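Novice: heads up, no residue letters with this:
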Ligand SMILES: O=P(O)(O)OC[C@H]1O[C@H](OP(=O)(O)OP(=O)(O)O)[C@H](O)[C@@H]1O
Ligand SMILES: Nc1ncnc2[nH]cnc12
């Protein structure tokens, strides 16, 4: 691998602190569990700082995070960037007027919703989740934000599972995507 294609030095550090649980929640799924990464104070800070440093000069208006694991990182990054936070929630959790998108998951299907007043036309939004697998969640969340007239400056996640094809699909939809580490060949 040439230097230009090499992973940034933090990728291995972060990946090494994610736990793989085989056959959960169903046989054949290699579940990439970020809880060890979050529970250690140093690795959690390194993780948050990767995102804060990347986005601090990008003139953002808002951070949106995806229910539920995307809330953990998204809200902290929003706070550190001095921005507001918008939750993209699973169906039936938001009390006000919503728009909705249905999508397929690696293990099931789901619907995400956002409040119609969550952001304004032209808002520059950073969309955060923990992981991209099939890409269905990220694409559905991006569609919701686009329907409200927002511009997705970038979608971002801690983990990319490229063998499931989601990151390619997200980028093919014209959504810029940043991930901290991937499991290509791991
Ligand atoms: O790229 P995809 O195939 O769409 O999969 C990725 C999504 O799946 C997981 O969420 P899940 O729906 O399991 O919900 P959770 O965050 O509540 O655990 C993960 O947190 C992402 O949101
Ligand atoms: N393999 C996986 N590990 C963790 N979260 C996921 N969400 C979808 N697929 C996943």
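Specialist: Happy to help now that I have it. Please read all numbers here as calculations on a predicted model, not as lab measurements. Ligands and ions are numbered 1, 2, ... in the order given.
Novice: Name the single longest helix found in the chain.
Specialist: If each helix of the chain is counted by residues according to DSSP state H, the longest one is helix 41-55.
Novice: Please name every helix or strand in contact with that helix.
Specialist: Counting by 3 or more C-beta pairs under 8 Å, 6 or more residues apart in numbering; DSSP states H and E, the packing neighbours recorded for helix 41-55 are helix 9-15, helix 35-39, helix 69-80, strand 151-160, strand 177-182. In short, each C-beta sits where N, CA and C put it, glycine included.
Novice: strand partners of the next helix or strand after the longest one, parallel vs antiparallel please.
Specialist: Proceeding N to C from helix 69-80, the next assigned helix or strand is strand 84-90, under DSSP states H and E. Each strand that pairs with strand 84-90, with its direction, by DSSP bridges: strand 62-66 (parallel), strand 108-115 (antiparallel).
Novice: looking at these, which one has the lowest mean pLDDT?
Specialist: The minimum mean pLDDT among the strands paired with strand 84-90 belongs to strand 108-115 (a mean of 93).
Novice: Just after it, pick out the following helix or strand.
Specialist: As the chain continues past strand 108-115, the following element, by DSSP H and E, is strand 124-132.
Novice: Show me what that next one is packed up against.
Specialist: Packed against strand 124-132 by the contact rule (3+ C-beta pairs under 8 Å, 6+ apart) you find strand 62-66, helix 69-80, helix 136-147, strand 151-160, helix 166-172.
Novice: I'd like the average pLDDT over the fourth one.
Specialist: Along strand 151-160, the predicted confidence averages to a pLDDT of 98.
Novice: What are the buried residues along it?
Specialist: By neighbour count, with 16 or more other C-beta atoms under 10 Å as the criterion, the buried positions of strand 151-160 are 152-160.
Novice: Pipe the residues you listed into CSV and attach distance to residue 141 per row.
Specialist: As requested, the buried residues of strand 151-160 are exported to CSV (distance: C-beta to C-beta, whole Å):
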residue, distance to residue 141
152, 9
153, 14
154, 13
155, 8
156, 12
157, 11
158, 15
159, 16
160, 16
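Novice: Highest average neighbour count across the helices and strands packed on helix 41-55: which stretch is it?
Specialist: Most buried of the helices and strands packed on helix 41-55 by mean neighbour count (mean count of other C-beta atoms under 10 Å) is strand 151-160; its value is a mean of 22.
Novice: between that one and helix 69-80, how many degrees?
Specialist: Here strand 151-160 runs at an angle of 120 degrees relative to helix 69-80 (axes from the mean of the first three to the mean of the last three C-alpha atoms, to 10 degrees).
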